[in-house]
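Trainee: have a look at this prediction, sequence included:
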Amino acid sequence: MPLVISDSSTLIHLAAIGWLTLLKDFYKKITIPPALWKEVVEEGKSRVGAVEVEKARQAGWIEVVSPEDKPLLRLLRRDLDVGISQAPEGRKIFSTLTVQENLNMGAYSRGNDKRGIEDARQRVFKLFPRIAERAGQVAGTLSGGKQQMLSIGRALMAKPKLLMLDEPSLGLAPMLVKAIFQTIREINQQGVTILLVEQNARAALKLANRGYVLETGRIALSGPAEELLCDPRVRKAYLGET
């Protein structure tokens, strides 16, 4: 079922921070009513995000229709307000923006909280000094490891209570994976709850307090991470042991 957006501020916000692409990947199609299309694009071309909305329509994954479905996306905006943030699979950084500008986008939902945003930025730079050294560099020219650091840092700029990380080790060298996981542990020790989706089962279970094993979209096993590490079914299927 396509996702329906019926609120203009939500649509503009999601377009501005690049989340329309992520939602398209999950829902395949996004629909908006004609009145909203007129308000956002025809009457608000100067607003941040309007250009991205028009590009999405031209690409064919936003449709202007009169949907009967309920406007589910309002729940997503509420999630931002209560402190949920995500570093998506594939990093999804803004490649043409600088490191600093990417971090600013992560703080978009915090409004004019300048002091809080600056504190968050300094916290990110302390966690990831390698990107602090490249604050003015265009993000698309960073290495894969630094892009992953930036993706996590951008998510932290929203000051989340729950940080969702999707495959943070994907495509990284072993030494970088070790560094990223150490930083994730540090973030968790600072009081942020982590929801980690990770193909590296051994590393994930060593880091986690509790684990869930999914098979074809269903939870096959769950329990304390230490117990799952010792479970023979997990060791055989996911840890490469016989």
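Mentor: Great, that's in hand.
Trainee: may I see the buried residues of the lengthiest helix in the chain?
Mentor: Looking across the chain with DSSP state H, the single longest helix is helix 174-189. Of the residues in helix 174-189, Leu176, Val177, Ala179, Ile180, Phe181, Thr183, Ile184, Ile187, Asn188 count as buried by neighbour count, 16 or more other C-beta atoms under 10 Å. For every residue, glycine as well, the C-beta is placed using N, CA and C.
Trainee: widest-spaced pair of these?
Mentor: Between any two of the buried residues of helix 174-189, the greatest separation by C-beta to C-beta is 18.8 Å, found for Leu176 and Asn188.
Trainee: so, low pLDDT: which residues of the protein?
Mentor: Filtered on pLDDT under 70, the chain yields the residue ranges 1-82, 217, 239-242.
Trainee: where do the strands sit along it?
Mentor: Secondary structure of the chain, counting by DSSP state E: strands at 3-4, 30-32, 62-64, 84-87, 162-166, 193-197, 210-215, 218-224.
Trainee: closest one to Gly153 among those?
Mentor: strand 84-87 (8.6 Å).
Trainee: tell me the angle the longest helix of the chain makes with strand 193-197.
Mentor: When axes from the mean of the first three to the mean of the last three C-alpha atoms, to 10 degrees is applied, the directions of helix 174-189 and strand 193-197 differ by 150 degrees.
Trainee: domain ranges for the protein?
Mentor: 3-75, 85-161+172-189 (automatic domain parsing).
Trainee: restricting to C-alpha, output stretch 209-218 in PDB.
Mentor: Provided in PDB are the C-alpha atoms of stretch 209-218 (Å, rounded to 0.1, in the frame of the first residue of the first chain):
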ATOM      1  CA  ASN A 209      22.200  -6.400  25.500                       C
ATOM      2  CA  ARG A 210      19.400  -8.300  23.700                       C
ATOM      3  CA  GLY A 211      19.200  -9.800  20.200                       C
ATOM      4  CA  TYR A 212      16.500 -10.800  17.700                       C
ATOM      5  CA  VAL A 213      17.100 -13.200  14.900                       C
ATOM      6  CA  LEU A 214      14.900 -12.600  11.900                       C
ATOM      7  CA  GLU A 215      14.100 -15.200   9.200                       C
ATOM      8  CA  THR A 216      12.000 -14.100   6.200                       C
ATOM      9  CA  GLY A 217      10.700 -11.200   8.100                       C
ATOM     10  CA  ARG A 218       9.700 -13.100  11.300                       C
END
